[in-house]
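**Q** Predicted coordinates and the sequence they were generated for:
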Amino acid sequence: MAEPQQPNDEQLIRQLEEELKKLKVADLLVQTLYTVSSLAYRKLSEDDRDLDQARLAIDALRALVSVLEGSVADEVLRDFKQVTSNLQLAYAEAAKGKSEGG
């Protein structure tokens, strides 16, 4: 049995270029929103709390959501606005706990 032939570097580059042609900036930004929101929740968790990083993530979410208006479905924007609001509330709670010596 012959082993399947591995693509060479040139073939891989060509494949990547074809995929990039199909990719839309809005799709990449939506994926970025998912990643940043997940990281923000992580930075607000008690195990990995970093309020500066959480604040940066929340600010980035707010900025990207506004940039995406008109480029993605309204439901997607609504969901990310809700996520951002939830993160802002969680941030306020975490900051309050920190200021109380928690």
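**A** Arrived safely.

**Q** Low-confidence stretches in the chain?
**A** Scanning the chain with the threshold set as pLDDT under 70 gives 1-4, 100-102.

**Q** the longest helix in this structure is where?
**A** Longest helix of the chain, by residue count under DSSP state H: helix 74-99.

**Q** Packing partners of it?
**A** helix 25-44, helix 51-68 (3 or more C-beta pairs under 8 Å, 6 or more residues apart in numbering; DSSP states H and E). The way it works is simple: take the backbone N, C-alpha and C, and place the C-beta from them, glycine included.

**Q** The first one packs against which elements?
**A** This points to helix 25-44. Counting contacts by 3+ C-beta pairs under 8 Å, 6+ apart, helix 25-44 is packed against helix 51-68, helix 74-99.

**Q** what angle sits between it and helix 74-99?
**A** Inter-element angle recorded for helix 25-44 and helix 74-99: 20 degrees (by axes from the mean of the first three to the mean of the last three C-alpha atoms, to 10 degrees).

**Q** starting at the chain centroid, how far to helix 25-44?
**A** Relative to its chain's centre, helix 25-44 lies at 1 Å (C-alpha atoms, centre = their mean, to the nearest Å).

**Q** Please produce CSV containing the helices and strands packed on helix 74-99, extended by mean neighbour count and distance to E93.
**A** Compiled in CSV, the helices and strands packed on helix 74-99 are given as follows (neighbours: other C-beta atoms under 10 Å; distance: least, C-beta to C-beta, whole Å):
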stretch, mean neighbour count, distance to E93
helix 25-44, 16, 8
helix 51-68, 16, 11
